[in-house]
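Undergrad: Provided below for reference: sequence and predicted model.
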Amino acid sequence: MTDKYAVIGNPIAHSKSPLIHRMFAQQTGQDIRYEAIEAPLEGFAETIARLRAEGYKGCNVTVPFKFEAYQLATQRSGRANDASAVNTLIFEGGEILGDNTDGVGLLADIEKNLQFKLFLKDALLLGAGGAAAGVLWPLFNAGISIVIANRTEAKAEQLAAPFEGAGTVHARSYEALTGRSFDLVINATSSGLSDQLPPLPDGLFKPGALAYDMLYGKETPFMAFARQQGAAIVADGLGMLVEQAATSFALWRKVRPDTTPVLAALRKQ
Ligand code: ATR
């Protein structure tokens, strides 16, 4: 029997996840169906209840429901707890298992696809919303020092607070970035969605630096800025999307797809 999965978000129409999981299923010979479902903003829990009643095996969760998914899960992985957010649910008997594959997805894209070594590098993380929170612990665990900058400074401070004492994660204002440079700058703000650029000073990128925008599907003002400022590698978040999907797929199906041909096919489109 075909097992059913879905991605739940709002909006969701332009999600590439169904296409990615279809390619994974074809490659690994798994008999699954995967669709995109838009849940009403006030109707996430009801949507999950319906999917469970209809025999779905699990789902991905995207903006703006990752925090609600975390709360709904009856068991959570360490990665989910670190992020306080869930992007992968597994329906197993009476349980709803919650995991978060965004962080490992970002790391896999940076280290495997982009061949950029993270260990002992200096990183600047822009933003302090859900996207930034989801990748902060995995970045920290990769052995890099991190400055978090956010328009609303208090949110950056809140995100950095659990790391106090470790000495490697600090919150700073955008103004305080003047005169500093980094090996890696990750844009985890949603500024690109509205074609805006966070107020970044010149000279942010060290020689060999990677500029990474977690959005995908367009050249954002941040990516254009990074090119103009001489960043050695400029990447969007498409590789992260494929890598986080692969880990979700492996959690559900116990088989790991090869992401390389899938990412290549998506880039060609
Ligand atoms: P997500 O789950 O995608 O992270 P979010 O929780 O709404 O969405 O967070 C959006 C992030 O992008 C926030 O860090 C926001 O900054 P504020 O906390 O100050 O609101 C940031 N952001 C959005 N538009 C921005 C812009 N034009 N310039 C700088 N930061 C921006």
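TA: It's in. Numbers count the residues shown, from 1 in each chain.

Undergrad: In a strand, residue 193, correct?
TA: No. The assignment for residue 193 (DSSP: H, G, I helix; E, B strand; the rest coil) gives helix, which keeps it out of a strand.

Undergrad: was I right about residue 185 contacting residue 223?
TA: No. Distance between residue 185 and residue 223: 10.7 Å, which falls outside the contact criterion (C-beta atoms under 8 Å). In short, each C-beta sits where N, CA and C put it, glycine included.

Undergrad: out of these two, which sits in the more crowded spot?
TA: Neighbours were tallied for residue 185 and for residue 223 using other C-beta atoms under 10 Å; the higher tally belongs to residue 185 (29 against 21).

Undergrad: what residues does this protein put near the ligand?
TA: Applying C-beta under 6 Å from any ligand atom, one finds that the chain approaches the ligand through 63, 127-132, 150-152, 155, 189-191, 196, 198.

Undergrad: change it to 5 Å
TA: Near the ligand, the residues belonging to the chain are 127-131, 150-152, 155, 189-191, 196, 198 when assessed by C-beta under 5 Å from any ligand atom.

Undergrad: quick one, strands of the stretch 1-150 of the chain?
TA: In order along the chain, the stretch 1-150 of the chain carries the following strands (DSSP state E, counting those that start in this stretch): 3-9, 32-38, 58-61, 75-76, 88-92, 95-99, 122-126, 145-149.

Undergrad: before we move on, the earlier item: and the buried ones among the residues of the chain next to the ligand, selectable in PyMOL?
TA: To isolate in PyMOL the members of the residues of the chain next to the ligand that are buried, counting by 16 or more other C-beta atoms under 10 Å, one can use:
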select buried, resi 127+128+130+131+150+155+189+191+198
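
Undergrad: Scan the protein for its longest strand.
TA: In the chain, with assignment by DSSP state E, the single longest strand is strand 205-213.

Undergrad: Please identify the buried residues of that strand?
TA: Using 16+ other C-beta under 10 Å as the burial criterion, the residues of strand 205-213 that qualify are 205-206, 209-213.

Undergrad: Nearest to the ligand: which residue in the protein?
TA: Of all residues in the chain, the one sitting closest to the ligand is residue 129 (2.0 Å; C-beta to the nearest ligand atom).
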